[in-house]
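Chemist: show me how the following folds:
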Amino acid sequence: MKKLYIRTFGCQMNEYDSDRMADALGAAEPLVRTDDPAEADIILFNTCSVREKAQERVFHDLGRVRRLKLSRPELVIGVGGCVASQEGEAIVRRAPYVDVVFGPQTLHRLPELIARRRESGRAQVDISFPEVEKFDALPQPKASGAVAFVSVMEGCSKYCTFCVVPYTRGEEVSRPLDDVIEEVSALAAQGVREVTLLGQNVNAWRGALEKGDSGGETGDFALLLECVQNVSGIERIRFTSSHPREMTPRLIEAFARLPGLAPQLHLPVQSGSDRVLAAMKRGYTVLEFKSIVRRLRAARADVSLSTDFIVGFPGETAEDFEKTMRLIEEVGFDGAFSFVYSARPGTPAMELADPVPQETKLAWLARLQKCIDEQAQAVSRAMVGNVERVLVDGAAKKASDELCGRTGNNRVVNFPVPAHVRERLMGQFVEVKITAALPHSLRGEVAAEALR
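Modeler: Numbering: from 1, shown residues only. Model (predicted):
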């Protein structure tokens, strides 16, 4: 059986896409995934262009596998994802030993691209944007546990000045409702109990109710959540990543109305300064963001909020940064992905003067992340003594006699269980009393009735 090696960079969308690449190739010929590129018959790099020097990182990795290609010419090397979408033919010109280059919307064509490469002897490049064709062409996904990810929309139409995603993944396109529900139902039948709905701006989903009915009635994201909750076997729903402009009253109300919707939301704010938000073209003010948070917490008091911050955007001042710190203190975020601004080729912000010294940016980032970490740890400490509903999704990483799972607010919990019930609890929801808060996880004890 042939072996497939995939290295994935970037977001959960890319993780999902990598799994779907494996599904597509596995449907064409028997394959098994490997963690060792030296023993692989197909090597794929699923790339991300959000961070600085992403292209150079790709070529560095390609250089490391070049020797494998020299010793085994039949080895297939492919580059997919957002860097592939940006660079296209330039990848083959710079690294002529690359066999296939494909974008996020053409990963389903991988078997065809590889076959054409083998037949013609020429590298194949397809970075087109055929909207949601890939979902129609891909086989049903295979579940590997109680938790799964489902992509419900592609692309972004917001065009924030710092972001390259609209240019690498295209405009926002939503999968039809019945198509999403079909995939969720197939996963539930395989034992999945929790799904995370994915999209660049997932709450911008506006899908046709039925596949092929492009001119007919459409639904909003709140309707999609309700329909996913009604799938037999699905007990918990998450979604990421959201955009504040798409937090509609119906979606906020869903947090109060849908018991299966996890009390956790990732809502990127990027900055606490209206001036910087306007320069980023985010489309909302700090007051509007805080209004969303207030209404969310009125709908679901225990909702946990995480976010994204960009520090040192071109022209950001010390006063702007202090406004961001005030926002953090006022909202009380339970985690954040925080980055120093880095210019992305082809974005409007690339043309802006950037007078903020790098050492200042790094100092701001360290201070911001320290505050976020302290807030997150305070949330963890407050959970000690609570009984939390935890979905058991595997063995603990550091102790063979323990299991681990996640709480509703997405905390990892490790807890000991007797050997005779370990297998039975896998993939099940259990009540766990939190006994300790560690820096990156919780410890707990399973309720006695679950062990009988």
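Chemist: make it CA atoms for all contacts and neighbour counts henceforth
Modeler: Fine.
Chemist: in the stretch 151-300 of the chain, mark out all the helices, start to finish.
Modeler: Applying DSSP state H, counting those that start in this stretch to the stretch 151-300 of the chain gives helices spanning 165-169, 177-189, 221-229, 249-257, 274-280, 286-299.
Chemist: and those helices: which comes nearest residue 402?
Modeler: helix 177-189 (25.4 Å; CA to CA).
Chemist: will you turn the helices of the stretch 151-300 of the chain into CSV that also has distance to residue 388, mean neighbour count and mean pLDDT?
Modeler: Listed next are these as CSV, based on distance: least, CA to CA, whole Å; neighbours: other CA atoms under 10 Å; pLDDT from 0 to 100:
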stretch, distance to residue 388, mean neighbour count, mean pLDDT
helix 165-169, 37, 21, 88
helix 177-189, 23, 20, 96
helix 221-229, 20, 20, 98
helix 249-257, 18, 17, 97
helix 274-280, 37, 19, 98
helix 286-299, 19, 16, 98
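Chemist: distance from the lowest-mean-pLDDT helix or strand in the chain to the middle of the chain?
Modeler: Across the helices and strands of the chain, mean confidence by mean pLDDT, DSSP states H and E is lowest for helix 133-137: a mean of 74. Taking CA atoms, centre = their mean, to the nearest Å, one finds helix 133-137 lying 20 Å from the centre of the chain it belongs to.
Chemist: give me the contact list for that helix.
Modeler: 105, 106, 107, 108, 109, 175 (CA atoms under 8 Å, 6 or more residues apart in numbering).
Chemist: least confident pick among the residues you listed?
Modeler: Lowest-confidence member of those: residue 105, scoring 86 (pLDDT).
Chemist: Provide the secondary structure category for it.
Modeler: coil (DSSP: H, G, I helix; E, B strand; the rest coil).
Chemist: residues near the spatially closest residue to it that is not a sequence neighbour, how many?
Modeler: The shortest distance from residue 105 to any non-neighbouring residue, by CA to CA, 6 or more residues apart in numbering, is to residue 129 (5.6 Å). Residue 129 has 18 neighbours, counted by other CA atoms under 10 Å.
Chemist: again with the one 4 residues further on
Modeler: Counted with other CA under 10 Å, the neighbours of residue 133 add up to 13.
Chemist: separation between it and residue 211?
Modeler: Taking CA to CA, to the nearest Å as the measure, residue 133 and residue 211 are separated by 11 Å.
Chemist: also residue 439?
Modeler: Using CA to CA, we find residue 439 at a distance of 46 Å from residue 211.
Chemist: and for residue 420?
Modeler: For residue 420 relative to residue 211 (CA to CA), the value is 46 Å.
Chemist: more neighbours, those two?
Modeler: With other CA under 10 Å as the criterion, residue 420 and residue 211 differ in neighbour count, and residue 211 comes out ahead with 14 against 10.
Chemist: wait, doesn't the more buried one sit right on residue 179?
Modeler: Yes: using CA atoms under 8 Å, residue 211 is in contact with residue 179, at 6.5 Å.
Chemist: just checking, residue 345 is part of a strand?
Modeler: No: according to three-state DSSP, residue 345 belongs to no strand; its state is coil.
Chemist: next, the contact list for it, please.
Modeler: By CA under 8 Å, 6+ apart, the residues touching residue 345 are residue 164.
Chemist: what distance do you get for it to residue 49?
Modeler: 9 Å.
Chemist: kindly report the same for residue 288.
Modeler: Distance check for residue 288 against residue 49: by CA to CA, it reads 30 Å.
Chemist: likewise for residue 108?
Modeler: 21 Å.
Chemist: list the neighbouring strands of the one helix or strand residue 125 maps to plus their orientation.
Modeler: For residue 125, the host element (DSSP states H and E) is strand 124-126. Strand 124-126 has the following strand partners under DSSP bridges: strand 100-102 (parallel).
Chemist: how far is the partner strand from where the chain is centred?
Modeler: Offset of strand 100-102 from its chain centre (CA atoms, centre = their mean): 22 Å.
Chemist: go through it and flag the buried ones.
Modeler: 100, 101, 102 (16 or more other CA atoms under 10 Å).
Chemist: before we move on, what about stretch 314-322?
Modeler: For stretch 314-322, the neighbour count (16+ other CA under 10 Å) marks 314, 316, 320, 321 as buried.
Chemist: do the same with stretch 395-411
Modeler: 395, 396, 402, 403, 404, 405, 406, 407, 408, 409.
Chemist: then stretch 84-97?
Modeler: Buried residues in stretch 84-97 (16+ other CA under 10 Å): 84, 85, 86, 88, 89, 91, 92, 97.
Chemist: any regions of the protein where pLDDT drops low?
Modeler: Where the chain drops to pLDDT under 70, the residues are 51-54, 131-132, 212-215, 450, 452.
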